[in-house]
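**Student:** The sequence and its predicted three-dimensional model are supplied below.
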Amino acid sequence: MVRIAFVQPDGRREEAEAEVGETLMSQAKAAGIDGIVAECGGSMVCGTCHVYLGRELFDSLGPVPEMEADMLEYVIDPQPCSRLSCQIRVTAEMEGAEVGIPHSQR
């Protein structure tokens, strides 16, 4: 398990333990993190699991796959380090990472 901090738009931090190999979205949902709606359950068709990553974490994940990039065009207020949490697998290297929740999902 790794500890990940989800940062709400108001700056409030919600920490959660996440299991390596699971999606960031599923672990946020299991922990009851506000703002990770995930209406499609991880099918990458709704964009309601949109998150902001720090530059270092974003870069460590490699290029955004084309299908995800297409979906990110439809989220509200995308940022340069936006990702869909349903497409991110938790790794041990994510220990202590901070993940931002967009204001639009609150």
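**Tutor:** Sure, I can see it. Numbering: from 1, shown residues only.
**Student:** for the residue sitting nearest the centre point of the chain, what are its contacts?
**Tutor:** Most central in the chain under CA atoms, centre = their mean is Ser85, positioned 3.3 Å from the mean C-alpha point. Each residue near Ser85 by CB atoms under 8 Å, 6 or more residues apart in numbering is listed here: Thr23, Leu24, Met25, Ala28, Ile36, Ala38, Cys49, His50, Val51, Val99. The C-beta positions use only the backbone N, C-alpha and C, and glycine is treated the same way.
**Student:** okay, it: pLDDT?
**Tutor:** Per-residue confidence (pLDDT) for Ser85: 98.
**Student:** which residues in the protein form helices?
**Tutor:** 24-30, 55-60, 66-72 (DSSP state H).
**Student:** Give me the buried stretch members for stretch 61-72, please.
**Tutor:** Buried residues in stretch 61-72, counted by 16 or more other CB atoms under 10 Å: Val64, Glu68, Met71, Leu72.
**Student:** for stretch 72-85, that is, sorry about that
**Tutor:** For stretch 72-85, by 16+ other CB under 10 Å, it's Leu72, Val75, Pro78, Cys81, Ser82, Arg83, Leu84, Ser85.
**Student:** Show me the two of those that sit farthest apart.
**Tutor:** For the buried residues of stretch 72-85, the maximum inter-member distance is 13.8 Å, found between Pro78 and Ser85 (CB to CB).
**Student:** Alright, calling it a day.
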